[in-house]
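Engineer: Could you work out the structure for the sequence below:
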Amino acid sequence: MTVTIEATMMAILRLAGSRRRGGFLLEYGRDIIENRVMIGRASVFNRNFFNTKTKPAFALEREVFAFAALPARNGTMLDMKPAILVASILSLVGGLSLLGQDPSYSLQKDIPYQTDDLRKADPYIAERCVLDLYAPKNRKGFSTIVWFHGGGLKNGNKSVPEGFREKGVAVVAINYRLHPKVKAPVYIQDAAASVAWVFENIEKYGGDASRIFVSGSSAGGYLTSMVGLDKRWLGTHGIDANRIAGLIPLAGHTITHFTVRAERGIEGTKPIIDDLAPLYHVRADAPPFLMITGDRELEMLGRYEENAYMMRMMRVAGHKDARIMELDGYGHSPRDAAAPLILKEVRRVEKMLK
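Structural biologist: Numbering: from 1, shown residues only. Sure thing, here's the model as predicted:
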C-alpha cells in the first residue's frame, strides 16, 4: 500500500492533539517537501512561508521545534513530545523514508539499450543510448510508459516525471543521441531501439509486454508518433509497431520536425510533410492515439493546429480511436498538467485490453 506524504504527516499531527495546528504544519511541511531545492545543507523555498530564502538545516529544526512547543490557540498543549514531532516531520522533509523513496518501487539508472558492439564502436552511443527504469517491486502484469524527453532533438536528458511516480505503472525514461552530433533519422532509430528493448525485457521486471505505452514531450512527442506510426523503425528489430498499447504524444510535431528541416536548410516557418513526418504515416490500424497540446494561443509554431489536422486525417484514414486534448491556459508542452491525462488514457486502454 502506498502511503501519501499528506496522510502520514496528518497522522503524526493528529497524535499531537491539535487539528488546527496540524493543518498549518501540514501545509508548511508540504511546502517544504514539494518546493525545496537542496543546496548543500540549505533548503531554498519557492513560496517562503516565513519570508526566508535560504534556511540551514539546523535553523529549520529549531524553527519547527519552537513551533511545536507553542500552546494551541484553544489552550491545549501538544501531547506528543516536541522532539518526537520534530524528528517525525524532519524525517519526512529529509526524505528518509517516504519522500521519493517508496520501498515498493525501484529505480535502475543508465541501462544500455543498444548492442555491445555499437556501444564499443561509438563512445557517444555508449554515453547517450541509455535508459532509466522505474518499476513497481514484487508485482506482476503492470503497464509501462516509455517516456521520451523534449528539447528540440538538440537538448534534454531523461527523467521520470513526478506525475507518473507511485501510480502502479513502470516508467522507462529514454536518452537518445542529439543534434548536431547526429542527424535524422538517428534520433528515430535510437527511439525505436529503446522501445524494442522494453518489449524484449520488461517482463523480466514484472511488466506486461502487451501493455507498453509510448509517450513523450515536444521532441519526445514527435519521436513517439514516428516510432508508433512508421512501422519500419520497430520492424528493424522484428517488432510490429501495432503491439504498442497506446501512443500519447504531448505537443509533438506531426509535420517534419523543425530540427530535421534545419538540417536541410529549411526555415522553421516553412512546414513540410515527408517520410520523416508523422502525418505522412496516418493509417487506420495504428494503436490508440491521444494527442495532447497546450493552448493553441500559447503553443509554439502552430503545434495545436498541426495536431488537430493529424487527428482529422487519422479519422479520415479510418482510425477509430484518434483524439486530441487542448489544455487551455497552458503553454508549450505542459508536462505536469498532462501527466494525469496520460495516466487516465493508460487506464482507459487497460480496460479495453481486458
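Engineer: Which strands and helices lie in contact with the helix ranked longest in the chain?
Structural biologist: Longest helix of the chain, by residue count under DSSP state H: helix 335-353. Using 3 or more Cβ pairs under 8 Å, 6 or more residues apart in numbering; DSSP states H and E, the elements in contact with helix 335-353 are strand 142-148, strand 207-217, strand 246-250, strand 289-294, strand 322-327. In this view, the C-beta of every residue, glycine as well, is placed from N, C-alpha and C.
Engineer: Strand 289-294 and that helix, what's the angle between them?
Structural biologist: Note on geometry: by axes from the mean of the first three to the mean of the last three Cα atoms, to 10 degrees, helix 335-353 and strand 289-294 are set 160 degrees apart in direction.
Engineer: For helix 335-353, list the C-alpha coordinates in CSV.
Structural biologist: Provided in CSV are the C-alpha atoms of helix 335-353 (Å, rounded to 0.1, in the frame of the first residue of the first chain):
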residue,chain,number,x,y,z
ARG,A,335,4.1,18.0,-18.8
ASP,A,336,2.8,18.3,-15.2
ALA,A,337,-0.7,19.2,-16.4
ALA,A,338,-0.7,16.4,-18.9
ALA,A,339,0.5,13.7,-16.6
PRO,A,340,-3.0,12.9,-15.1
LEU,A,341,-4.4,12.8,-18.6
ILE,A,342,-1.7,10.4,-19.8
LEU,A,343,-2.4,8.1,-16.9
LYS,A,344,-6.1,8.3,-17.5
GLU,A,345,-5.5,7.2,-21.1
VAL,A,346,-3.4,4.3,-19.9
ARG,A,347,-6.2,3.2,-17.6
ARG,A,348,-8.8,3.5,-20.4
VAL,A,349,-6.8,1.3,-22.7
GLU,A,350,-6.1,-1.2,-20.0
LYS,A,351,-9.8,-1.7,-19.7
MET,A,352,-10.1,-2.3,-23.4
LEU,A,353,-7.3,-4.9,-23.2
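Engineer: so how far is it off the chain centroid?
Structural biologist: Here the centre of helix 335-353 is set off from its chain's centre by 12 Å, with Cα atoms, centre = their mean, to the nearest Å.
Engineer: next one: stretch 139-150
Structural biologist: 10 Å.
Engineer: mind putting the helices and strands packed on helix 335-353 in JSON lines, mean neighbour count and distance to Q108 included?
Structural biologist: Formatted as JSON lines, the helices and strands packed on helix 335-353 follow (neighbours: other Cβ atoms under 10 Å; distance: least, Cβ to Cβ, whole Å):
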{"stretch": "strand 142-148", "mean neighbour count": "26", "distance to Q108": "13"}
{"stretch": "strand 207-217", "mean neighbour count": "23", "distance to Q108": "13"}
{"stretch": "strand 246-250", "mean neighbour count": "28", "distance to Q108": "23"}
{"stretch": "strand 289-294", "mean neighbour count": "26", "distance to Q108": "28"}
{"stretch": "strand 322-327", "mean neighbour count": "17", "distance to Q108": "32"}
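Engineer: To A191, which of those strands lies closest?
Structural biologist: strand 142-148 (6.2 Å; Cβ to Cβ).
Engineer: What is the subsequent helix or strand relative to the closest one?
Structural biologist: Sequence order places strand 170-174 as the next helix or strand after strand 142-148, per DSSP states H and E.
Engineer: helices or strands up against the following helix or strand past that following strand?
Structural biologist: Helices and strands here follow DSSP H and E; after strand 170-174, the next one along the chain is helix 186-201. In terms of contacts (3+ Cβ pairs under 8 Å, 6+ apart), helix 186-201 is packed against strand 142-148, strand 170-174, strand 207-217, helix 219-229, helix 232-235.
Engineer: Point out where the stretch 51-200 of the chain drops to low pLDDT.
Structural biologist: Within the stretch 51-200 of the chain, the segments meeting pLDDT under 70 span 51-102.
Engineer: Apply 50 and report the result again.
Structural biologist: Counting by pLDDT under 50, the stretch 51-200 of the chain contains low-confidence ranges at 51-88, 90-101.
Engineer: thinking again about what came up before, for the helices and strands packed on helix 335-353, give me a markdown table that also has distance to K270.
Structural biologist: Below are these laid out as a markdown table (distance: least, Cβ to Cβ, whole Å):
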| stretch | distance to K270 |
| --- | --- |
| strand 142-148 | 25 |
| strand 207-217 | 24 |
| strand 246-250 | 22 |
| strand 289-294 | 21 |
| strand 322-327 | 24 |
